[in-house]
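# here is a sequence with its predicted model. Questions after.
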Amino acid sequence: MSTSDPTPDQQHALAGLIARLADNKYFLGRHYAEWCSGAPTLESAVAAAAMAQDELGHARALYPLLKTLVEQPGPEVEPETRTAFVNLPFLDTSFASWEDFITANFLIDTALTTIFEAAVTSSYEPLAGRSRKTIQEERMHFAHGEAWLRRLAREGGAVRSATEASLLRAWPETLCWFGPTGDGDPLFASGALDATPDTLRARFLASVGPTLTAESLQLPLRQTASGAWELTEPLPWDRWDAATYRLAPALVPTP
Amino acid sequence: MATPMRSGATPPAGAASSAAAEYPRDPLWDALRDVPDPELAISLVDMGLIVSARLDGDCARIELTYTAMGCPAMDMIQEDMHARLLQLPGVASVEIETVWEPVWTKARLTLEGRDALLLSGVSV
């Protein structure tokens, strides 16, 4: 897509993508920051502060793009006055535990990076330029999340169980966040991203799968004989909202 | 007054770490050499934050990058640049555009910048 002649659908899809990226970055930053003085070690507290600063910077670089992509810029294009946030539900509230922090760090932050990696050659140049810098800064985030995930998994007992539970809570919404299965994705069609949602999901699984499997964490994925990663359970598309890319809460069966 | 110098004037990202960047000598760039990074004893130019500088009529147009997208000193840096550039004869206004390409790496440091950072105890 050239930025001069996107179709209305493509323009709408691009605005939605920028909003999703910015909102998730914004809330990742805010929730990381809440652990600057509460992380389990001094080093991870410093890392939380540094990552919070990075995420808020990424959000700050993205929000201004909304002004050029929506027809009538209003309060919804400014993070301070925005109310219709489209972040993942996992980020709706503060992290209840360090395990939740690491789940967001390892799963959600990596999912966002998967999108930025798919936007390095984006036809939407403002996103391409920001993506390269973002990816550079995200390398440390992934290293932090991966190292801590291994550490938590190896603690065993309640810590390991809490880590698995946290990962499982974020898992379906993170996987669905890439978008629905099948062809016709306007972001891929326009060249805003270089892959379909299915390919993005596969790339994400290839990023997180090796660590999850190496630590025998019970997530519904497996590696095939060809080396590819695949899900072993269907995603809950019946709960997915195409407008926000969010999952509605799962219904709890009555006893 | 100033020659437009875009990213091609500086080492590309990923250049050998031993390489040091060099930037133009002209009134705009020299004025920006007077503006220090608020956090380190090093000028914005030696830090490699200035991507381009050119005079468009009486407007100084600067492309500026940062070491990090979450740099907390963005406003301070731009205010200091405004103040210094407006002291130049023939400059009536300043337009600063933040750019994220080229991606900042240590290859954008000048030799003077590297020495200053080393003296400050920063590994380069």
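Good, I have the coordinates.

# assumed residue B:54 was part of a strand.
Yes. According to DSSP: H, G, I helix; E, B strand; the rest coil, residue B:54 belongs to a strand.

# in chain B, which residue is most central in space?
residue B:50 (2.5 Å; Cα atoms, centre = their mean).

# in the sheet, who's paired with that residue?
residue B:64 (DSSP bridges).

# didn't it look like it was pressed against residue B:62?
Yes. Counting by Cβ atoms under 8 Å, residue B:50 touches residue B:62, with 6.6 Å between them. C-beta here means a position set from N, CA and C on the backbone, and glycine is covered the same way.

# which residues are in contact with both of these two?
The contact sets of residue B:50 and residue B:62 overlap at residue B:32 (Cβ atoms under 8 Å, 6 or more residues apart in numbering or on different chains).

# related to what we said a few turns ago, the residue nearest to the centre of chain B and residue A:204: what is the separation?
Separation of residue B:50 from residue A:204 (Cβ to Cβ, to the nearest Å) stands at 37 Å.

# next: residue A:153.
Taking Cβ to Cβ as the measure, residue A:153 falls 19 Å from residue A:204.

# just residue A:14 next, same as before
From residue A:14 to residue A:204 the distance is 21 Å (Cβ to Cβ).

# returning to that earlier point: residue contacts, the residue nearest to the centre of chain B?
B:23, B:29, B:32, B:44, B:62, B:63, B:64.

# nearest to chain A, of these?
Nearest to chain A among those, counting by Cβ to the nearest Cβ, is residue B:63 at 11.5 Å.

# ok, the closest one touching residue B:32?
No. With contact defined as Cβ under 8 Å, residue B:63 does not count as touching residue B:32 (11.5 Å).

# which of the contacts of residue B:50 fall within helices?
B:29, B:32 (DSSP state H).

# count of neighbours near residue B:86?
13 (other Cβ atoms under 10 Å in any protein chain shown).

# with residue B:70 instead?
With other Cβ under 10 Å as criterion, residue B:70 counts 21.

# tabulate the CA atom coordinates of stretch A:184-198 in PDB.
The C-alpha trace of stretch A:184-198 is given here as PDB (Å, rounded to 0.1, in the frame of the first residue of the first chain):
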ATOM      1  CA  GLY A 184      -8.400 -11.500   3.200                       C
ATOM      2  CA  ASP A 185      -6.500  -9.700   6.000                       C
ATOM      3  CA  PRO A 186      -6.400  -6.100   4.900                       C
ATOM      4  CA  LEU A 187      -3.200  -5.400   6.700                       C
ATOM      5  CA  PHE A 188      -1.400  -8.100   4.700                       C
ATOM      6  CA  ALA A 189      -3.200  -7.200   1.500                       C
ATOM      7  CA  SER A 190      -2.100  -3.600   1.800                       C
ATOM      8  CA  GLY A 191       1.500  -4.400   2.600                       C
ATOM      9  CA  ALA A 192       1.200  -2.800   6.100                       C
ATOM     10  CA  LEU A 193       2.400  -6.200   7.400                       C
ATOM     11  CA  ASP A 194       4.400  -8.800   5.500                       C
ATOM     12  CA  ALA A 195       2.400 -11.800   6.800                       C
ATOM     13  CA  THR A 196      -1.200 -13.000   7.400                       C
ATOM     14  CA  PRO A 197      -2.400 -13.500  10.900                       C
ATOM     15  CA  ASP A 198      -1.800 -17.300  10.600                       C
END
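
# which ones are touching whichever residue of chain A sits closest to chain B?
Chain B sits closest to residue A:57 of chain A, with a gap of 2.6 Å, by Cβ to the nearest Cβ. In this structure, residue A:57 makes contact with A:137, B:68, B:69, B:70, B:71, judged by Cβ under 8 Å, 6+ apart.

# residue B:94 - that's part of a strand, no?
Yes. In this structure, residue B:94 lies within a strand as judged by three-state DSSP.

# quick check: beta-bridge partners of it?
The partner residues for residue B:94, given DSSP bridges, come to residue B:60.

# assign a three-state SS to the residue in chain B positioned nearest to chain A, would you?
In chain B, the residue that lies nearest chain A is residue B:70 (2.6 Å; Cβ to the nearest Cβ). Following three-state DSSP, residue B:70 is assigned to coil.

# correct me if wrong: it contacts residue A:59.
No. Residue B:70 is not in contact with residue A:59 according to Cβ under 8 Å; the separation is 9.0 Å.
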